[in-house]
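[1] Next one to model:
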Amino acid sequence: MNYTYPKLTQSTFPNATVVTDRFHVVKSLNDAINRVRIRVMKQFGTSAKEYRVLKKYWKLLLMPLSKINFELFRKYTGFDYLVTQQDVINRMLGLNNELKQAYDKVHHIIFTINRCDAQELRACILNKEDIPDELSRKLGYLQQNIDFIINAIIYPYSNGPLEGFNNIAKLFKRVVFGYRNFNNFKLRLNYYVLTH
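    All right, here's what the predicted structure looks like:
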């Protein structure tokens with residue numbers, strides 16, 4: 001989603017179809033909802049229950065709707081009784097209307113990406129009514145690249161596997177503390193990738 005890549009691609013390869021990776025779109029939206037959460041969290045004192053709940057359970061706000069557990073009751077810090085993940089999310093969203101609007105908008109966009117509904121996705125991204133500024137800025141950037149994002153739904157291409165391999169390579173390089181021989185490093189990395 002870098003500004004220069006699509007411009008460079010279009011000038012160098014005029015017949016190429018530019019596809020923005022779905023992962024980067026979702027990451028951008030998650031960053032926006034996190035910024036809204038942090039702003040709302042700072043409205044409360046650091047000793048307030050609301051502050052601690054927003055700080056501790058932020059990952060629940062980013063969790064895909066299909067993975068949220070609404071049946072298993074357990075003890076969560078900041079709650080006096082057993083609750084489900086859905087209850088924790090509802091409590092956080094009940095603290096601020098802007099956080100709820102951002103949450104609903106982001107998860108609606110992610111849902112349309114997963115359903116591969118290009119028309120609905122275009123409508124979601126172009127509609128910026130009743131959303132916080134943090135999300136509005138992100139949607140403004142997505143609107144500039146709307147055609148490339150729609151291409152991500154139309155075409156099956158993704159650089160996710162390549163980024164996953166790069167992440168493994170960097171992690172492996174950090175863990176092994178260096179190899180003197182590059183060929184040994186390459187063999188060991190290939191073996192690690194194939195066995196995991």
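[2] show me where pLDDT drops low in this structure?
    Residue ranges of the chain with pLDDT under 70: none are present.
[3] which residues in it form strands?
    Here the chain has no strands by DSSP state E.
[4] Would you mind giving the domain segments of it?
    Split into domains by automatic domain parsing, the chain comes to 4-154, 160-195.
[5] quick one: residue 99 and residue 32, what's the gap?
    In this view, residue 99 and residue 32 are 11 Å apart by CB to CB, to the nearest Å. For every residue, glycine as well, the C-beta is placed using N, CA and C.
[6] quick revisit: just the domains of the chain: most buried one?
    Greatest average neighbour count among the domains of the chain goes to domain 4-154 (a mean of 15), per mean count of other CB atoms under 10 Å.
[7] got the end-to-end distance for that domain?
    End-to-end distance for domain 4-154, by CA to CA, to the nearest Å: 23 Å.
[8] residue closest to the middle of this protein?
    Nearest residue to the geometric centre of the chain (CA atoms, centre = their mean): residue 27, 2.9 Å.
[9] how close does that one sit to residue 192?
    Distance, residue 27 to residue 192, by CB to CB: 26 Å.
[10] can you check residue 94 too?
    Taking CB to CB as the measure, residue 94 falls 46 Å from residue 192.
[11] What segments of this protein are helices?
    Assigned by DSSP state H, the helices in the chain fall at 4-12, 22-41, 49-56, 58-62, 85-94, 97-115, 118-126, 133-144, 146-154, 160-176, 182-195.
[12] Summarise which helices and strands the first one is packed against.
    Helices and strands touching helix 4-12, by 3 or more CB pairs under 8 Å, 6 or more residues apart in numbering; DSSP states H and E: there are none.
[13] now do the longest one
    Applying 3+ CB pairs under 8 Å, 6+ apart, one finds that helix 22-41 makes contact with helix 49-56, helix 58-62, helix 97-115, helix 133-144, helix 146-154, helix 160-176.
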